[in-house]
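In: got a predicted structure here, sequence first:
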Amino acid sequence: MSDVKEQQEEEEEKDLRSVLVTSVLTLEKIDQGLYRGSHPWVPRSNTLFGGQIVGQALVAAGLTVGKGLHAHSLHCYFVRPGDPRVPVLYQVDLVRDGRSFSVRSVRAVQHGLAIFVCQASFQLDQPSPMEHQCCMPEAPLPESLLTWAELIDKAMRDPLLSERHRLGLSKILAKDVPIEIRPVLPIDYVPGTPLEPRQLFWVRAKGHIGEGDMNMHRCVAAYISDYSFVRTAWHPHVRMPMRSMASLDHSLWFHAPFRADEWMLYECESPWAGSSRGLVLGRLWRRDGTLAVSCAQEGVFRLRQKTPGAVPASKL
Ligand SMILES: CCC(=O)SCCNC(=O)CCNC(=O)[C@H](O)C(C)(C)COP(=O)(O)OP(=O)(O)OC[C@H]1O[C@@H](n2cnc3c(N)ncnc32)[C@H](O)[C@@H]1OP(=O)(O)O
């Protein structure tokens, strides 16, 4: 094969590779247990996306464990908003290496201050006949559903949509998020329409990740799992004037191998909100019905002004 053709093929392959792997979750090694991460995509809030910090922290922790160990859980706190103008440093503390488990503590730092702390645990593969799992909810196949972008495009063609909402939707469409979403339940594309505190959507990384490293699929899932997750708790309360919402913590448990570049069903439910906080629980399902990841997150929701007591979701 000619050099030009080989180079062309390499370039095409690079284009098809998920940007999550080629840039977002590629860290620069500064020193032993010290890594630097950059941010190719920044949300409209102009603070760093929580999922990116979780994913990068898990990459950093994973770079310090032995071969054959896979992340099985992590527990994180977001303690300061991330600054998109400077990179994030990840300092990994090798807490313990046992025969089966290795535990790491990661501190993400900007301007000399912690913006995020996390504990992650890794385990050697240890199959066991003690197995059970709950059932995947029924959902139409992703191929039969419209993408988030197509749904928004359809909503924008509604002549009754106000200009303000149309502008909001065009901003959502312009976001170049490195993940693909196909909602199963109705989405809140008309702002101000209260919904059940539930979301169900198919999700996968844009581009190819490949068989390769199982830990990388987990880091990508960590990134994906924070996308739109905390909003689930806000769904019934969208008529309240919100000043800010941010995720406070994030926990993940990895149960079974999966590919984050293949469709997974994300089931999100908020069982509770109160005291300016909302709890969201989630499950990422492989399309064959295997429970791949369990997720939990609490967010802080600050209202613009004092409002009468929250309306229970059941009354909306
Ligand atoms: C899609 C979801 C995501 O990915 S969100 C991204 C990931 N999460 C984050 O970036 C959150 C990072 N963490 C934080 O910012 C802090 O820990 C938060 C959650 C804000 C809690 O901080 P807190 O202890 O209140 O800190 P602080 O005193 O510095 O205040 C921060 C801003 O909140 C305000 N605040 C504080 N208390 C109240 C209150 N009782 N009522 C109303 N507002 C309050 C402060 O005034 C301050 O506001 P401002 O930033 O100055 O505008």
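Out: Nice, I can see it.
In: not counting its neighbours along the chain, what's nearest the residue in the stretch 101-250 of the chain positioned nearest to the ligand?
Out: Among the residues of the stretch 101-250 of the chain, Ala246 lies closest to the ligand, at 3.8 Å counting by C-beta to the nearest ligand atom. All C-beta atoms are positioned from the backbone trio N, CA, C, and that covers glycine. Counting by C-beta to C-beta, 6 or more residues apart in numbering, Ala246 lies nearest to Val300, which is 5.7 Å off, once chain neighbours are set aside.
In: returning to that earlier point: what strand or helix carries the residue of the stretch 101-250 of the chain closest to the ligand?
Out: For Ala246, the element it lies in under DSSP states H and E is strand 242-254.
In: which bits of the stretch 51-200 of the chain sit near the ligand?
Out: Taking C-beta under 6 Å from any ligand atom as the measure of proximity, the stretch 51-200 of the chain contacts the ligand at Phe78, Val79, Arg80, Pro81, Gly82.
In: who touches the spatially closest residue to Pro241 that is not a sequence neighbour in this structure?
Out: Leaving out its chain neighbours, the residue that sits closest to Pro241 by C-beta to C-beta, 6+ apart is Arg304, at 3.8 Å. Residues near Arg304 by C-beta atoms under 8 Å, 6 or more residues apart in numbering: Pro241, Met242, Arg243.
In: which residue ranges form the helices in the stretch 1-150 of the chain?
Out: All helices of the stretch 1-150 of the chain, identified by DSSP state H, counting those that start in this stretch, fall at 3-16, 19, 50-62, 148-156.
In: mind listing the strands for the stretch 101-250 of the chain?
Out: For the stretch 101-250 of the chain, the strands defined by DSSP state E, counting those that start in this stretch cover 101-110, 113-124, 179-183, 198-205, 242-254.
In: shaky segments in the stretch 201-316 of the chain?
Out: 306-316 (pLDDT under 70).
In: enumerate the residues of it near the ligand.
Out: Applying C-beta under 6 Å from any ligand atom, one finds that the stretch 201-316 of the chain approaches the ligand through Asp226, Val230, Ala246, Ser247, Leu248, Val300, Arg302.
In: from the residues of the stretch 51-200 of the chain next to the ligand, which ones fall inside strands?
Out: Secondary structure defined by DSSP state E assigns Phe78 of these to strands.
In: what sits against the closest residue to the ligand within the chain?
Out: Distances between the chain and the ligand by C-beta to the nearest ligand atom are smallest at Gly50, namely 2.9 Å. Contacts for Gly50 (C-beta under 8 Å, 6+ apart) come out as Phe78, Asp226, Ala246, Ser247, His250.
In: please redo it, this time with the cut-off set to 7 Å
Out: For Gly50, the contact set (C-beta atoms under 7 Å, 6 or more residues apart in numbering) comprises Phe78, Asp226, Ser247, His250.
In: just the closest of those to Thr64, please.
Out: Closest approach between these and Thr64, by C-beta to C-beta: His250, at 20.4 Å.
In: against Gly98, how distant is Leu279?
Out: From Leu279 over to Gly98 the distance is 32 Å, taken as C-beta to C-beta, to the nearest Å.
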